[in-house]
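Q: compute the structure for the input listed below.
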Amino acid sequence: MPTETPPRLRLEQYLGLQIKRQRQAQSLKLADVARIAGISQGMLSKIENAQVSTSLDTLSRLCDVLGMPMAKLFSQYDQPDGNALLVKAGEGLEVVRRGTEKGHTYHLLNHARGPKKNFEAYMVTMDDASEEFPTFAHPGTEFLHLLEGELVYRHGNQLYHMHAGDSLTFDGETPHGPEQLVQVPIRLLSIMNYGEE
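A: As a prediction, this is how the structure comes out:
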């Protein structure tokens, strides 16, 4: 069965995300950045949420306000992605373990096995579809397993539409986080493996 290629973020989505990340990283208010850049707060909100295409002049002014070189704004857009492994529900590798003969079925959801030391596991619950989420980046590998609900998860420039039972494995240093909560409540198992010291 051919693997489907996940859609890339549109250029407007990518640029908006970069600007929003930079602004939030500096704890700057939307209104302040817009005022100094000489645009309306509504326009900046539309740029950050990819509701409008904007001119290079406006992007240049926003970069100046945020203290970010314009080249950095575009630097990772066309870099190849694909380090994430999406395992759809029921498509995990079936393995034989104790209990198999009693009708138990085991599916290995994470094909990239490695050391299990120095990891953190979280049960994440999300129930507000309008909630805004920060972008995360950390060392190591992260494994997500969606237990309940439906969401679109972002890893770098790629979007992964996940349903209950789906798993996603990726490099934690690439910026990632929930993009859209499609159906709440959402229960998500998150395991971050940092490897051996």
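
Q: after the helix or strand bottoming out on mean pLDDT in the chain, next one along is what?
A: Least confident element among the helices and strands of the chain, by mean pLDDT, DSSP states H and E: strand 106-108 (a mean of 44). Following the chain from strand 106-108 toward its C-terminal end, the next helix or strand by DSSP states H and E is strand 119-126.

Q: who does that following strand touch, helix- and strand-wise?
A: Packing contacts for strand 119-126, counted by 3 or more CB pairs under 8 Å, 6 or more residues apart in numbering; DSSP states H and E, involve strand 176-193. Placement of C-beta: from N, CA and C, glycine included.

Q: restricting to C-alpha, output the strand it packs on in PDB.
A: What follows is strand 176-193, C-alpha atoms only, in PDB (Å, rounded to 0.1, in the frame of the first residue of the first chain):
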ATOM      1  CA  HIS A 176       6.100  20.900  16.300                       C
ATOM      2  CA  GLY A 177       2.700  21.100  18.000                       C
ATOM      3  CA  PRO A 178      -1.000  20.800  17.500                       C
ATOM      4  CA  GLU A 179      -2.200  22.800  14.500                       C
ATOM      5  CA  GLN A 180      -6.000  22.200  14.700                       C
ATOM      6  CA  LEU A 181      -8.200  20.400  17.100                       C
ATOM      7  CA  VAL A 182     -10.800  18.800  14.700                       C
ATOM      8  CA  GLN A 183     -12.800  16.800  17.300                       C
ATOM      9  CA  VAL A 184     -12.600  17.200  21.100                       C
ATOM     10  CA  PRO A 185     -12.000  15.900  23.700                       C
ATOM     11  CA  ILE A 186      -8.500  14.700  22.700                       C
ATOM     12  CA  ARG A 187      -6.400  12.300  24.700                       C
ATOM     13  CA  LEU A 188      -2.900  12.000  23.500                       C
ATOM     14  CA  LEU A 189       0.000   9.800  24.800                       C
ATOM     15  CA  SER A 190       3.300  11.700  24.400                       C
ATOM     16  CA  ILE A 191       6.600   9.900  25.000                       C
ATOM     17  CA  MET A 192       9.900  11.800  24.600                       C
ATOM     18  CA  ASN A 193      13.000   9.700  24.400                       C
END
